[in-house]
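In: next input, structure requested:
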Amino acid sequence: MWLGYRDWESFSFFYSVEYAQSYLQKRYEKIGCPEPGQKSFENCYPFLYYLEHGSIYYAQAAQAPIILQPILLFYGLVHLIKACILTMDPFYPETTAVLAHGVSARKRKKQQYQFFHDEVKFQKNGLFPHLSEKLFHMKQDEGDKITMEALLRMVPELDSLFWQLEGRANFIPLLEKGGHWFVSEKALDCYHMTETRFREYFFTQSGIELEKMENGLAKLSGLPVHFPHNRPTFLKADFSQKRYAMPFKKSHRSQFPELMAHYLLLYNLSMIARYETEWWGEAVKLMPNRDYPFIQSFLKITQVKSPFLVYCHLTSGLKGLGSL
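Out: Residues are numbered from 1 along each chain as shown. Now for the predicted structure:
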């Protein structure tokens with residue numbers, strides 16, 4: 001997946017109206033859109049501008065102080081997500097209801113506030129539920145909440161920080177040998193399952209079959225890069241280590257897409273940066289607790305990782321992209 005990825009340079013082939021229209025038309029034909037040629041013609045410029053404006057926000061965030069980064073990165077990701085949605089929803093935005101953020105945060109922070117314990121609440125309408133449904137075919141329950149800690153634990157690149165500060169990991173790395181990926185038998189102990197049960201569970205969670213254990217390793221029947229990026233999976237790409245990983249234990253949110261986790265984290269951080277000036281200033285300058293190292297590390301990671309996740313969705317199923 002990452003072998004052919006070259007940061008923002010990898011998006012360059014989209015910056016052609018002729019190609020963008022052809023690309024969108026093929027996407028629309030695949031989903032059975034009426035008049036795909038007409039809709040692709042109408043949407044090719046919005047698609048290009050979403051990508052271009054998103055890249056500008058990220059470029060500015062890379063040069064900005066950390067105080068401003070959450071705001072720039074959030075709106076950069078919003079533009080990239082809108083480009084993704086436009087490939088799956090030719091009529092976006094069909095109503096004003098989908099233009100809201102689709103999630104809400106606590107308006108006033110309590111005393112002794114800690115970012116780890118903060119929550120965001122899912123709303124019925126807006127970009128977040130639209131993203132979940134159109135890109136991942138998942139419905140989110142209105143009023144459901146999720147903590148910042150749970151979201152941070154979904155980012156595999158933060159695993160070393162969790163290990164250093166808390167002494168426990170969130171992911172089991174997959175092993176790569178000779179171009180094949182393997183799961184260690186240690187996963188059976190983590191999940192408290194027999195081999196047969198674990199192989200069934202692995203398939204339901206990833207769409208990839210596991211072969212029988214040999215010498216303590218079970219080989220994946222296919223490469224992780226071949227599973228569709230628009231279906232839920234519990235396998236995560238660790239961009240920094242260039243490997244794949246699976247959650248350390250079962251969870252009802254194990255298939256929660258990482259792109260959605262980045263959106264929610266950046267949403268809340270951008271709200272804090274805008275409206276909780278005192279707390280945000282103290283967190284950045286005084287670094288009183290574990291919040292700051294995780295926030296700082298996440299902001300560095302998401303500058304690289306979230307465009308990569310968007311690129312994976314945009315190029316999923318495309319031919320002629322070699323190892324992608």
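In: can you give me the strands for the stretch 151-300 of the chain?
Out: Here the stretch 151-300 of the chain has its strands, by DSSP state E, counting those that start in this stretch, at 171-173, 175-177, 180-184, 217-219, 236-238, 243-247.
In: redo those strands as CSV? Include mean neighbour count and distance to residue 291.
Out: Heads up, the C-betas are built off the backbone N, CA and C, glycines and all. Shown next, in CSV, are these (neighbours: other CB atoms under 10 Å; distance: least, CB to CB, whole Å):
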stretch, mean neighbour count, distance to residue 291
strand 171-173, 19, 21
strand 175-177, 12, 33
strand 180-184, 19, 33
strand 217-219, 19, 38
strand 236-238, 21, 23
strand 243-247, 21, 23
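In: any chance of CSV for those, columns distance to residue 146?
Out: Formatted as CSV, the strands of the stretch 151-300 of the chain follow (distance: least, CB to CB, whole Å):
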stretch, distance to residue 146
strand 171-173, 18
strand 175-177, 30
strand 180-184, 27
strand 217-219, 31
strand 236-238, 17
strand 243-247, 15
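In: dump the ones you listed into TSV; add distance to residue 300 and mean pLDDT as well.
Out: Compiled in TSV, the strands of the stretch 151-300 of the chain are given as follows (distance: least, CB to CB, whole Å; pLDDT from 0 to 100):
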stretch	distance to residue 300	mean pLDDT
strand 171-173	18	96
strand 175-177	25	93
strand 180-184	27	95
strand 217-219	33	95
strand 236-238	15	93
strand 243-247	19	95
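In: report back the residue of this structure that's furthest from centre.
Out: If you look at how far each residue of the chain sits from its centre, by CA atoms, centre = their mean, the farthest one is residue 215, at 33.8 Å.
In: can you report phi and psi for that residue?
Out: Backbone torsions for residue 215, taken as degrees, to the nearest 10, come to phi 60, psi 40.
In: OK, contacts around it?
Out: Going by CB atoms under 8 Å, 6 or more residues apart in numbering, residue 215 touches no other residue.
In: where's it relative to residue 26, distance?
Out: 44 Å (CB to CB, to the nearest Å).
In: now the element after the strand or helix carrying residue 82, going C-ward?
Out: Per DSSP states H and E, residue 82 falls inside helix 69-88. Next in sequence after helix 69-88, counting helices and strands by DSSP H and E, comes strand 103-105.
In: that next one - contacts with which helices or strands?
Out: Applying 3 or more CB pairs under 8 Å, 6 or more residues apart in numbering; DSSP states H and E, we find strand 103-105 packed against strand 119-122, helix 258-275.
In: got the angle for the longest one vs helix 69-88?
Out: The one in question is helix 258-275. 140 degrees (axes from the mean of the first three to the mean of the last three CA atoms, to 10 degrees).
In: ok, which of the strands of the stretch 151-300 of the chain comes nearest residue 64?
Out: Residue 64 sits nearest to strand 236-238 of all the strands of the stretch 151-300 of the chain, at 26.3 Å, using CB to CB.
In: list of residues touching the closest one?
Out: 1-2, 154, 156-157, 159, 171, 173, 224, 243-246, 258, 308, 312.
In: what's the end-to-end length of stretch 80-95?
Out: End-to-end distance of stretch 80-95 (CA to CA, to the nearest Å): 19 Å.
In: now it: buried residues?
Out: Residues 80-90, 92 are the ones in stretch 80-95 that count as buried (16 or more other CB atoms under 10 Å).
In: swap in stretch 141-151?
Out: Of all the residues in stretch 141-151, those buried under the rule 16+ other CB under 10 Å are 146, 148-151.
In: what's the end-to-end length of it?
Out: Stretch 141-151 stretches 17 Å from its first residue to its last (CA to CA).
In: go on, stretch 147-158?
Out: End-to-end distance of stretch 147-158: 16 Å, with CA to CA as the criterion.
In: from the buried residues of stretch 141-151, which ones fall inside helices?
Out: Using DSSP state H, 148-151 are the members of these that sit in helices.
In: of all those residues, which comes closest to residue 203?
Out: residue 150 (24.8 Å).
In: which one is the closest one nearest to, not counting chain neighbours?
Out: Nearest residue to residue 150, sequence neighbours excluded (CB to CB, 6 or more residues apart in numbering): residue 253, at 6.8 Å.
In: hmm, that neighbour is touching residue 151, no?
Out: No - using CB atoms under 8 Å, residue 253 makes no contact with residue 151, being 9.3 Å away.
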